[in-house]
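A.B. asks: mind looking at a prediction? Sequence and model below.
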Amino acid sequence: MPTTRLSRSIPYWVLVGGSVVTLAGGAYLLISKLTLMATTLTDGTATGVEVYAGQIWAVLGAILVGAGLIGLALALTLAGLRSAIPARETVDVIEPPAWDDVVEIPADEVEATAAEAAAEAPAAEAAADAATTPVTEDVAR
């Protein structure tokens with residue numbers, strides 16, 4: 001079975017792990033607070049903190065359970081969508097370039113081209129200087 005990118009995806013596993021931890025934490029909170037409320041109410045030893053605050057903690061636990069279930073459903077949806085996308089085909093390895101086709105320039109031609117460029121450089125600099133020098137008239141006349 002080929003591995004998919006999803007099985008190596010860190011955000012995917014963070015989603016799955018976070019959802020499981022949220023689900024388990026919410027279930028623990030919900031069950032522990034409801035059990036405490038039920039036992040203290042049946043014993044007749046319940047206080048206002050156990051009853052009224054316990055309800056809010058139980059609601060928070062239920063919300064966390066719901067968030068964990070939504071996260072797991074989202075992870076399952078992502079896994080299903082990823083399995084519907086076909087895997088990429090393998091890429092063929094391209095052969096390295098054949099260096100037999102390289103054209104070599106003789107050294108005397110390279111030197112001649114460099115000499116021509118050096119001879120043209122002063123003329124090009126003079127033309128550039130003339131183009132950038134501002135034309136000013138003698139205002140004192």
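C.D. replies: Noted; the coordinates are in hand.
A.B. asks: domain assignment for the protein?
C.D. replies: The record assigns the chain these domain ranges, following automatic domain parsing: 6-84, 107-132.
A.B. asks: in a markdown table: these, plus mean pLDDT and mean neighbour count.
C.D. replies: In this view, the C-beta of every residue, glycine as well, is placed from N, C-alpha and C. Formatted as a markdown table, these follow (pLDDT from 0 to 100; neighbours: other Cβ atoms under 10 Å):
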| stretch | mean pLDDT | mean neighbour count |
| --- | --- | --- |
| domain 6-84 | 93 | 14 |
| domain 107-132 | 72 | 9 |
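A.B. asks: would you tell me which of the ones you listed gets closest to residue 92?
C.D. replies: Among the domains of the chain, the nearest to residue 92 by Cβ to Cβ is domain 6-84 (23.4 Å).
A.B. asks: chain center to that closest one: distance?
C.D. replies: Here domain 6-84 is found 28 Å from its chain centre; the criterion is Cα atoms, centre = their mean, to the nearest Å.
A.B. asks: then stretch 88-108?
C.D. replies: 35 Å.
A.B. asks: hang on, the earlier thing: with distance to residue 90 added, can I get the domains of the chain in JSON lines?
C.D. replies: Shown next, in JSON lines, are these (distance: least, Cβ to Cβ, whole Å):
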{"stretch": "domain 6-84", "distance to residue 90": "17"}
{"stretch": "domain 107-132", "distance to residue 90": "44"}
